[in-house]
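# Sequence plus predicted model, see below.
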Amino acid sequence: MALLHPRRASARLAASWRLIAVALALSVISAARAGDLVPIRIPGTAPTSAADMPPLVPIVRAPPAPVAIRSLPVAPVAVQRPVLALPLPPMTAPSAAIVQPPVAAAPPMPRPLPVAVAPPVVPPQPQVAAAPPVVPPPQPPAPVPAAPAAPVPAAAPAPPSGKPTDSILVASFNIQVFGEAKLAKPQVVDVLTRVVRRFDVVAVQEVRAKSDSVVPTFVNAINADGSRYQYVIGPRLGRTSSKEQYTFIYDSTRIEVDPSSVATLPNPGDKLHRPPLRARFRVRTNPPEAGFSFWLVDIHTDPDEVPQEVDALADAFVSMRSVIPDEDDVILLGDLNAGPPQFGRIKQIPGIGWAVSGTTTNTRRSKTYDNLIFDRTATTEYTGRWGVLDLQETFGLPLDKALEVSDHNPVWAAFSPWEAQRIAGR
């Protein structure tokens, strides 16, 4: 039949080849992964272009049946981590050059509490640069015992021309009507500068000038010999057109000031014509925290209302001891226009004492107006030494020339440079 019908035989052979090709294609599909694209070609046909290529047929397989996994309980195992033992560094012996004085550490001078009534006074910058600190003896002295309650006799010595190394000298000086006219007198300025150079801190009253250059010019004159004095100054105060200012002038090589502490005290009830100026100072020592720190409260009372103003100062003194909890050394100083018999309520403050007693303080040697007042039980740094610098006797001036300088003599007291309570560990 094949011989008789060759075309039928060729057709059957072609059909057989197609079946074989389909079988081969199915085997390829079964070997491919699910999701693969497999080209399907029919043998015997050759594509002539990309359009003649057979399509890619995706393979879809059923997902495998889920397998159940059973977890076996495992007993916990305690694991101890090794501890690395590191050797400690050897301790270094302190240097022999460092001397530790027997004092307890004290915090640096803190900022005071804000004043409720009067705004703080921003002190102007001095004209000279700050001096480096003076290194005191390496070991502080033993605590100075409290001075006796009895007043010191009037025959106290005047301070030496050179400042002592074992104490600081705090002074008060009412430079009568201190302004441009007084600065224009060279002989007066010469005496005034020599007065200030004798002391470490001078509380000045009665700066009466319209110009702000009076005190800076005066400080420049003080420093003309190489000294390094600086100053802080308060605002103009007074109920009349005649205003006055307080100022503190201090030797920056021996004393430092806390600028944030400078302020005018509150004046409740308006009992004071010129409320005091306060500032906190500290003696420059090594270490710094061992230096004697203290408040100075500068005052000039009105001569017509002395009893009322002195009693108001008693309240101001007590309130100052609570401004900074760790500072109990308050020194009220200035021209009180009153002597100890007229101190009124000030004398009722427990432990209160004063430096000047039994002598006059004005230039005419007739009145006791100027003083330094402090709590003797708290300010045990007071050495018991005080004095009145008589302008006539000290500088060989007749009365009229001394009165050109001022109608007041400077008064002063000496204090230990070391904080007694910190030395004693109290």
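Looks like it arrived, so ask away. Numbering: from 1, shown residues only.

# For the rest of this, base every contact and every neighbour count on C-alpha atoms.
OK.

# Just say helix, strand or coil for Pro325.
At Pro325, secondary structure determined by DSSP: H, G, I helix; E, B strand; the rest coil is coil.

# which ones are touching it?
If you count contacts by Cα atoms under 8 Å, 6 or more residues apart in numbering, Pro325 has none.

# Now do it against Phe292, distance only.
Going from Pro325 to Phe292 by Cα to Cα, to the nearest Å gives 16 Å.

# Could I get the full set of strands for the stretch 101-250 of the chain?
168-178, 201-207, 229-233, 245-251 (DSSP state E, counting those that start in this stretch).

# For these, could you give me CSV that also reports mean pLDDT and distance to Asn223?
Shown next, in CSV, are the strands of the stretch 101-250 of the chain (pLDDT from 0 to 100; distance: least, Cα to Cα, whole Å):
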stretch, mean pLDDT, distance to Asn223
strand 168-178, 98, 18
strand 201-207, 98, 14
strand 229-233, 98, 6
strand 245-251, 98, 10
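
# Need those strands in TSV (columns: distance to Val195 and mean neighbour count).
Shown next, in TSV, are the strands of the stretch 101-250 of the chain (distance: least, Cα to Cα, whole Å; neighbours: other Cα atoms under 10 Å):
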stretch	distance to Val195	mean neighbour count
strand 168-178	9	23
strand 201-207	9	25
strand 229-233	13	24
strand 245-251	12	24
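
# Phe415 reaches Thr383, doesn't it?
Yes: counting by Cα atoms under 8 Å, Phe415 does reach Thr383; the two are 5.3 Å apart.

# of those two, who's got more company?
Phe415 (21 against 18; other Cα atoms under 10 Å).

# what is the more buried one paired to in the beta sheet?
When assigned by DSSP bridges, Phe415 has beta-bridge partners Ile168, Tyr382.

# Who are the contact partners of it?
By Cα under 8 Å, 6+ apart, the neighbours of Phe415 are Ser167, Ile168, Leu169, Val170, Glu381, Tyr382, Thr383.

# Make TSV out of those residues and add distance to Gln342.
Listed next are those as TSV, based on distance: Cα to Cα, whole Å:
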residue	distance to Gln342
Ser167	30
Ile168	28
Leu169	26
Val170	23
Glu381	26
Tyr382	23
Thr383	25
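
# Can you tell me which of those is nearest Glu305?
Using Cα to Cα, Val170 comes nearest to Glu305 of the contacts of Phe415, at 26.9 Å.

# Phe199 is in contact with that closest one, correct?
Yes: between Val170 and Phe199 there is a contact under Cα under 8 Å: 6.2 Å.

# Show me the common contact partners of the two, please.
With Cα under 8 Å, 6+ apart as the test, Val170 and Phe199 reach no residue in common.

# Could you pull out the helices in this protein for me?
6-31, 180-183, 186-196, 214-222, 306-320, 391-395, 399-405, 420-424 (DSSP state H).

# which helices and strands does the shortest one pack with?
Looking back up the chat, that one is helix 180-183. helix 186-196, helix 214-222 (3 or more Cα pairs under 8 Å, 6 or more residues apart in numbering; DSSP states H and E).

# With the fifth one instead?
In this structure, helix 306-320 makes packing contacts with strand 330-335, judged by 3+ Cα pairs under 8 Å, 6+ apart.

# send the alpha carbons of the strand it packs on over as CSV?
Listed next in CSV are the C-alpha coordinates belonging to strand 330-335 (Å, rounded to 0.1, in the frame of the first residue of the first chain):
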residue,chain,number,x,y,z
VAL,A,330,28.8,91.2,106.6
ILE,A,331,30.7,94.5,107.1
LEU,A,332,28.5,97.6,107.3
LEU,A,333,30.8,100.6,106.8
GLY,A,334,30.6,104.3,106.0
ASP,A,335,29.5,107.7,107.3
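
# by contact count, what packs against that strand?
strand 168-178, strand 201-207, strand 293-300, helix 306-320, strand 370-375.

# Could you pull up the mean pLDDT of that strand?
What strand 330-335 shows for mean pLDDT is 98.

# which residues of the stretch 151-300 of the chain score low on pLDDT?
Counting by pLDDT under 70, the stretch 151-300 of the chain contains low-confidence ranges at 151-161.
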